[in-house]
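**Student:** sequence unknown, structure follows:
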């Protein structure tokens, strides 16, 4: 019986894979270059350990929706949440992952937060970016 359950779980795994969206670098730049610092209130679900450390507000880049493309290159407009993550792939194949709402698009570099708990900042050169992906499946609250 346990073997059947494990086999069924393996069969279901591809059905619950996360949705990742793509954005061409030039379109991402157009959407974020006019962003501004904005304080937004966060609504965190009740219970659980995350409510112990979760902030009730965050300073964000002020972008509420993001235009991107799914795997079939169909345009999508997604809501930015506190859990929306952006992954930059460099020309060398390395990844830099940030919470999207923390990304600041500067003249020559991109700055963002990779950890809400440790408040870890990362910087990457804009000229090194080859690919941009958005993952909007993390469950860490919503903006009010």
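**Tutor:** Yep, that arrived. The structure displayed is predicted, hence computed values, not measured ones. Numbering: from 1, shown residues only.

**Student:** how about the helices of this protein, start to end?
**Tutor:** Listed in chain order, the helices of the chain (DSSP state H) span 2-12, 25-32, 50-53.

**Student:** ok, the most centrally placed residue in the chain - contacts?
**Tutor:** Most central in the chain under C-alpha atoms, centre = their mean is residue 85, positioned 1.2 Å from the mean C-alpha point. By C-beta atoms under 8 Å, 6 or more residues apart in numbering, the contact set of residue 85 is 97, 98, 99, 100, 134, 135, 136, 138. Glycine gets a C-beta too; all of them are placed from N, C-alpha and C.

**Student:** residue 126: which of those is nearest?
**Tutor:** Relative to residue 126, the closest of the contacts of residue 85 is residue 98; by C-beta to C-beta it sits at 13.5 Å.

**Student:** nearest spatial neighbour of the closest one, skipping sequence neighbours?
**Tutor:** Counting by C-beta to C-beta, 6 or more residues apart in numbering, residue 98 lies nearest to residue 112, which is 3.2 Å off, once chain neighbours are set aside.

**Student:** that neighbour and residue 103 touch, don't they?
**Tutor:** Yes. Using C-beta atoms under 8 Å, residue 112 is in contact with residue 103, at 4.2 Å.

**Student:** which neighbours do those two share?
**Tutor:** Shared contacts of residue 112 and residue 103 (C-beta under 8 Å, 6+ apart): residue 86.

**Student:** okay, the closest residue to residue 106 other than its chain neighbours and residue 28: tell me how far apart.
**Tutor:** Nearest non-adjacent residue to residue 106, counting by C-beta to C-beta, 6+ apart: residue 126, 7.7 Å away. In this view, residue 126 and residue 28 are 10 Å apart by C-beta to C-beta, to the nearest Å.

**Student:** with residue 41 instead?
**Tutor:** Relative to residue 28, and taking C-beta to C-beta, residue 41 is found at 26 Å.

**Student:** the two: who's more crowded?
**Tutor:** Neighbours per residue (other C-beta atoms under 10 Å) separate residue 41 from residue 28, with residue 28 holding more: 22 against 12.

**Student:** brilliant, that's me finished.
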